[in-house]
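> missing the sequence, but the structure's below:
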């Protein structure tokens, strides 16, 4: 169908990426050294930024062979309204890694990452003294 003369053209809505897809890409870009950690300040809440900085310092997804890591698959679980627990399979060449993260929908209607982990050592828990 065409629009009437002088009317705005008809536009088809483009599918919007799911928050899990968007955050998997953002986190991967930081963890692989393609973006600085501070680019995630407005996308994280709670301890997630510290976890991300800790993981990035260890260079956990940087490769020396020049193969750039990519998100191969994403899955998620909704434990309650406004929260998503997600996992992503990260591939770089013939290697696969696992990344897990939690998203929470804030009162400002934005999703923020509240936790992030990769297979391997975890960031030490803070002292509650």
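Okay, I see it. The structure displayed is predicted, hence computed values, not measured ones.
> in stretch 27-42, which residues are buried?
Going by neighbour count (16 or more other CB atoms under 10 Å), the buried part of stretch 27-42 is 27-32, 35, 37, 40. For the C-beta atoms, the positions are set from N, CA and C on the backbone; glycine is no exception.
> residue contacts, residue 20?
Counting by CB atoms under 8 Å, 6 or more residues apart in numbering, residue 20 makes contact with 74, 76, 84, 86, 88, 103.
> pull out the buried positions in the helix or strand hosting the fourth one.
What it means is residue 86. If you go by DSSP states H and E, residue 86 is part of strand 83-92. Buried positions in strand 83-92, judged by neighbour count with 16+ other CB under 10 Å: 84-88, 90-92.
> by contact count, what packs against the helix or strand just after that strand?
Once the chain leaves strand 83-92, the next helix or strand it forms, by DSSP H and E, is strand 95-105. Other helices and strands packing on strand 95-105, by 3 or more CB pairs under 8 Å, 6 or more residues apart in numbering; DSSP states H and E, are helix 19-31, strand 83-92, strand 111-118.
> nearest to residue 48, of those?
Ranking those by proximity to residue 48 (CB to CB) places strand 111-118 first, at 4.7 Å.
> same question for that closest one, mean pLDDT?
In this model, strand 111-118 has an average pLDDT of 95.
> for that strand, enumerate the helices and strands it packs against.
Going by 3+ CB pairs under 8 Å, 6+ apart, strand 111-118 lies up against helix 19-31, helix 48-57, strand 95-105.
> what does that strand contact?
19, 22-23, 26-27, 31, 40, 43-48, 51-52, 55, 60-61, 84, 97-106.
> got the angle for it vs strand 95-105?
150 degrees (axes from the mean of the first three to the mean of the last three CA atoms, to 10 degrees).
> what's the angle from strand 111-118 to strand 83-92?
Going by the same axes, to 10 degrees, strand 111-118 makes 50 degrees with strand 83-92.
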